[in-house]
Structure formats: C-alpha cells, structure tokens
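# Build me a model from this:
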Amino acid sequence: MFLFLLVGLSMHGHIVRAETGSGWVRSGSNPVLRPGLPGAWDDEGVSHPCVVKDRSIYKMWFAGYDGSVWRIGYATSNDGVLWTRDVGNPVLAVGQSGSWDESDVGSPWVIKEGSGYRMWYVGRNRAGQSGIGVAASADGVLWTKMGVNPVISQGGLGQPDSRGIGRLCVIGNVSGYTVWFEARGDDGHSRICMASSSDGGTWLRYDRNLDGFVDVVLDRGSVGAWDYYEAADPAVLKSGEVYFMWYAARDASRAGNRRIGMARSTTGKSWDRVLANPVLSTGPPGSWDSYSVDGTVVIQDRLDLKMWYTGWSDVTRPQIGYAENFMRVAGSMGLIDAPERTVYYIYSDYRGAKPAGTFPASVSDWTALGIILSMSSNKQYVTSDTDTSVVNPTTGEIIVSTRYDAVVLGGPGVNGPTRYYEATSRETPAFFKLTGSICCLYSRSTGLPISNTLMMQSAVSTDQDIFIIMAFRQGGTGRDIVIMYGYGWKGSYAAALWLKYGTGEYGFGKTGISHRDKAYYIFKWSDMNGDLAVDLTEISFVASGC
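Okay, the predicted model is just below:
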C-alpha cells in the first residue's frame, strides 16, 4: 500500500518567508542589549552574555563596563529579544583591594542547579593576572562568591595560559563538570584549553600525556586560515553524543575583525573545525557589529538554536546581538535534546476525520515514528493527525499553542498537517506532485521539479523509493515544523532510519553533522541486494535546497 503520496496536488511556485532563514539569521532588533544610560555602571559597553532559559523566561548574565571597571549584570526577557535589566545591577562586583578579582570581573557562565544557580566567571587583579572564580545564588540576583577563589589560576611560564585566562564555558553532567577556557600563552596568541571537576570547585587541567604541561584542545588555525592568529571565547553545547563549540578568532592581520567559527567533537578534547567557517561574520559596513563579533553563547530552545553574541562597530562600546538557526546545524540534534514537552510528534492515523483528499494510513507508518521517538532524550507529546485538540480535522492545520514545535511523519496523501502546509498554506520549502503515475518533488521557490526526484509509481515501495526531510518556520507564529516522508511507506521508514543513523557528508544521525544550512534534504533508497528491505548502505543523497 502506498502510505504517503497517493494523490496529486496542484500547486504553483510560491515564495515562503521561512526559506530565507538558512543558517544563522541576525535579529532585525539588533542590538538587543545596548550600553546603559550615561553615568550607569555599564554605560561604556556590554559583552559576553550567558543565557539560560528557565521555563518561559530567558535570563541573561553579562559583563558591563563603565570606562574603568568590568562588572557582571543581569537581565530577563520573555522572547530573547526585548531585555529588562535588573534593578539590583551589577549583581557581581569586583573583590576587595588586594584580592585576586579586585580590578575586573566578567565573562560569566551560569548553570541552573535545582532551584538555584552557580556562576563561573573571570577575574583580574591590578597586576593583570587573571583566573576563574565561582559564585552561587538562589535567585540569580544575589550572589555569594564561594570557596577559595580563584578555582583556576593563571598558569606559569611555558603553560598555554601563562599570560592570562579569558572567556570560559561550563557543562555539567552526572560525573561533574567540564570547563573550556581561553588561554593566552607566552607568544601572545590565544588557544582553548579544558579542565574537569567533580564538584565545580576543584579543577584538574587536561594534561593528556601527564608531562606537567596543559594540553590545548583547540589550537589556532593553520597559516593563511581565517583563525590563524587565535582561537578564543569558547561556547560549548552538547547534544546527543556530540559537543559543538562556537569560538571567536582573527586571521594573521591581527585586525579587530573577529568572527565566529564552529568545531565539533565526540570527546570534548579533540575538535574538528567545520568547512563552512566562519559561521557568523561581521555585519555590513556602518552596522553596529561591522568591526568584530565574539563572546557568544548558544542554547537549544525547542527545535531551534539561539545565539547571543558581542558586536563591535569599533574598538569601543560593545553591544549584544541575537541570531537564530532554524535547526539547520548538526542534523538531528534538535530532536535529540529538545526540552521536555515542547514538541508534538504527529503520525498519520488509519481512521478518523481528515481533510478532503487525505486518506487513512497503515500501522506500518508507526514503526518509523518509533525510530524517531527513540532518539529523544526528553518526554514529548505523541499523537495522530486525527487528534482534534491538536489538528484541525477540516484543514489539517496544527492548532495547539505556538509555544510547541512539531515533527510530522507522513506525506500529503495520508497526513493532514503535511497536506495543509504543502497544499493550503504553501509553506513547505518543497512539495510533492503526482502526475498520472509519475511521482516528483518540486521546489517551492521556483515551482520547478527537483532534479532526480522523478520516479514511476510502480517502483515505489518495491525496489526503490524517494524520501524528503525538511524544516521550516510556520509563518507569523514562531513554530518550527519538521516534516519527513517517502513516496511510499518504505521511503518513510528509510527517512526515519537515516535521521537516526545516517552518516557521511549528508548524514543526519545521532552524532549530527558539522554544518547544515538547507531547508530540505532529499534521498533515494534502492534495493541493491534484492532483499526488498531498507538498508542504510542503500541510501544515497539526491538534492538539497531552500
């Protein structure tokens, strides 16, 4: 039985707003946090944000400068764009005279632990020596510096951090904590090092061969590379089995033109740069971030990745900006670590009311859904396209609050939401059309057939199939939707397998991929060994686009 695409859809080319969102997209409201009013503690600049989403509230800790001293402030937001500073700012001040952090405190990194928070930050004394300290808070506003700070001190001669420690980031897990930090060595160049701790207070620097010298985990780039001069300002996000690091760097010219790149690792100790670097460059001439971008933080929010970063128009008065990536980095990482109960998984039902032209599916559809659900680290909502509290039975539109994203499995022939977004609202970046007995996928932006997607209906679900995985933002709502299906049920099954296990240049897989900037990816399954079963080795890349 052809599960997914049994009917022809008559549609014309249609430009979709969501299609322009490939890769990182800067907010039109940038900068989202500007320096304070004249005379304020942060009137000369704000930088190096750390953002935590606590339920529905975004909470930001950032460094603020008054022309002589850096301190740490706090702000909150309902949307990540419009921020309100706390009346208690600054929330972390410099230490007493003679202390290790008497001159400056900045580069905060905050983790929510239970009902409270823990912050690691960089401090500096009047002699210019720097280190990492730790503080705790019950509410994110009133902080108490903990233990025998600094918990990590500047290294000695010959160590990679002999001339200072810069921006840091921390990840906690069941066995303790890992910190990555900028280390500036004897040669004046910055590189990235790491350390581990069981309690967040006592740290052991990474020394691979136990020779007494700290090992660099991400060095500056090779001669001629965009990051040849330095690798600095790490921000790490772990998803599934992979660590993703965003970092700031400059080339050999040593100009202020810092840009943001990305690297990935399965251990956190050995990193591979992505080919698409830098992933965020400076803004156009005359813009608020035209001189340099650095000091970033990236979080996962539902199926999205969201970035806040520091931008400079010259060497003074940094400001904080915001950018989004609509689940187009790292393949399936959005599905793996989406926060609990933020995503609806919607499968095709074999009964119940559906939009006109949408037909019952087979239970074999649910097998593919199970594969995808098994990837999720957190509990999500699972329902069918005939659940009238989630899907409008007449139109197929998803009607739950736009606070929720959606993953939809099944084509427009059997799944109401797929039919709605392909045929009615025309928001999907690609769409299916059946002409006589010929199946084909079309580009929404051009209205033309996509090369190599034509297939005779007689071949589908026997010895070959075509499947598509696509992501888009529902116009005007902020809801992200991922749709995947095949021309037949084996194609949909192949899509689920490939999403979870696919490897190579165009693989999704639980380990993710280095960089993804397209709105749709199309693959073909061909039964090369003649067993009529889907094998990963029989899946090949066909096309991608926006």
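# what sits against Trp120?
Under the criterion of C-beta atoms under 8 Å, 6 or more residues apart in numbering, the neighbours of Trp120 are Pro108, Trp109, Ile132, Gly133, Val134, Val151, Leu168, Val170, Val179, Gly200. Backbone N, C-alpha and C define where each C-beta goes, glycine included.
# Now do the same for stretch 180-188: mean pLDDT, whole number.
The average pLDDT within stretch 180-188 is 96.
# just stretch 123-136 next, same as before
97.
# Can we start the residue count at 151 from this point?
All set: I'll call the first residue 151, so the last point we hit is now stretch 273-286.
# hmm, back to that, please tabulate the contacts of Trp270 in CSV and include distance to Trp174 and neighbour count as additional columns.
CSV is the format used below for the contacts of Trp270 (distance: C-beta to C-beta, whole Å; neighbours: other C-beta atoms under 10 Å):
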residue, distance to Trp174, neighbour count
Pro258, 23, 26
Trp259, 21, 26
Ile282, 28, 24
Gly283, 31, 23
Val284, 31, 24
Val301, 33, 20
Leu318, 23, 27
Val320, 23, 22
Val329, 25, 24
Gly350, 31, 20
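# What is the nearest of the residues you listed to Trp191?
Taking C-beta to C-beta as the measure, Trp191 sits nearest to Pro258 out of those, at 14.7 Å.
# Neighbours of the residue found closest to the closest one once you drop the neighbours it is linked to in the chain, how many?
Closest residue to Pro258 apart from its sequence neighbours, by C-beta to C-beta, 6 or more residues apart in numbering: Trp211 at 4.2 Å. Counted by other C-beta atoms under 10 Å, the residues lying close to Trp211 total 27.
# you'd agree Trp211 is in a helix?
No. With DSSP: H, G, I helix; E, B strand; the rest coil as the criterion, Trp211 is located in strand rather than a helix.
# Isn't it up against Trp233?
No. Trp211 is not in contact with Trp233 according to C-beta atoms under 8 Å; the separation is 11.6 Å.
# Helices along this structure, start to end?
483-487, 514-523, 566-569, 639-651 (DSSP state H).
# Highest mean neighbour count out of the ones you listed?
Greatest average neighbour count among the helices of the chain goes to helix 566-569 (a mean of 28), per mean count of other C-beta atoms under 10 Å.
# Now that helix: average pLDDT?
97.
# Contacts for it next, please.
Under C-beta under 8 Å, 6+ apart, the answer for helix 566-569 is 159, 496, 504-505, 507-508, 535-536, 541-543, 545-548, 556, 558, 560-563, 578, 631, 633, 635.
# Run through the stretch 401-550 of the chain and note the low-pLDDT ranges.
For the stretch 401-550 of the chain, residues meeting the criterion pLDDT under 70 lie at 476-484, 513-515.
# In it, what residue spans correspond to strands?
409-415, 422-423, 442-451, 454-462, 469-475, 493-497, 531-534 (DSSP state E, counting those that start in this stretch).
# Throw those into TSV and include mean neighbour count and distance to Ala381, thanks.
Formatted as TSV, the strands of the stretch 401-550 of the chain follow (neighbours: other C-beta atoms under 10 Å; distance: least, C-beta to C-beta, whole Å):
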stretch	mean neighbour count	distance to Ala381
strand 409-415	22	8
strand 422-423	17	9
strand 442-451	24	11
strand 454-462	25	16
strand 469-475	23	20
strand 493-497	24	34
strand 531-534	18	41
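# Which one of those strands lies nearest to Leu598?
strand 469-475 (27.2 Å).
# helices or strands up against the closest one?
Judged by 3 or more C-beta pairs under 8 Å, 6 or more residues apart in numbering; DSSP states H and E, the packing partners of strand 469-475 are strand 174-176, strand 195-204, strand 454-462.
# Including distance to Leu183, could the ones you listed go into CSV?
CSV is the format used below for the helices and strands packed on strand 469-475 (distance: least, C-beta to C-beta, whole Å):
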stretch, distance to Leu183
strand 174-176, 14
strand 195-204, 5
strand 454-462, 8
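# Those: which one's closest to Glu252?
strand 195-204 (19.6 Å).
# which residues does Val532 form a beta bridge with?
Here Val532 sits in beta bridges with Tyr495, going by DSSP bridges.
# Next up, the contacts around it.
Val532 touches Tyr494, Tyr495, Tyr497, Leu519, Leu523, counting by C-beta under 8 Å, 6+ apart.
# can you pull the pLDDT of the closest residue to Arg317 other than its chain neighbours?
Closest residue to Arg317 apart from its sequence neighbours, by C-beta to C-beta, 6+ apart: Asp383 at 4.2 Å. Per-residue confidence at Asp383 stands at 98 (pLDDT).
# which ones are touching Asp383?
Contacts of Asp383 (C-beta under 8 Å, 6+ apart): His198, Gly316, Arg317, Glu332, Tyr397, Ala398, Asp444, Gly445, Thr446.
# Would you mind measuring from the closest residue to Gly680 other than its chain neighbours to Ser312?
Computed as C-beta to C-beta, 6+ apart, the closest residue to Gly680 that is not its neighbour in sequence is Asp613, at 7.7 Å. As defined by C-beta to C-beta, to the nearest Å, Asp613 lies at a distance of 64 Å from Ser312.
# likewise Val291?
Distance from Val291 to Ser312, by C-beta to C-beta: 36 Å.
# ranges for the strands of the stretch 201-350 of the chain?
207-215, 220-227, 233-235, 254-263, 266-274, 280-287, 293-295, 302-303, 314-323, 326-334, 340-347.
# buried set for the second one?
Within strand 220-227, the residues that qualify as buried by neighbour count (16 or more other C-beta atoms under 10 Å) are Trp220, Arg221, Ile222, Gly223, Tyr224, Ala225, Ser227.
# dump the residue contacts of Tyr215.
Taking C-beta under 8 Å, 6+ apart, one finds Asp192, Glu194, Gly195, Val196, Ser197, Pro468 in contact with Tyr215.
# Repeat the analysis, applying 10 Å as the threshold.
185-186, 191-197, 221, 254, 256, 466-468 (C-beta atoms under 10 Å, 6 or more residues apart in numbering).
# burial measure for the residue lying closest to Val465 once chain neighbours are set aside, as a count.
Of all residues not flanking Val465 in the chain, Gly406 sits nearest, at 6.2 Å (C-beta to C-beta, 6+ apart). Counted with other C-beta under 10 Å, the neighbours of Gly406 add up to 13.
# Cheers, nothing more for now.
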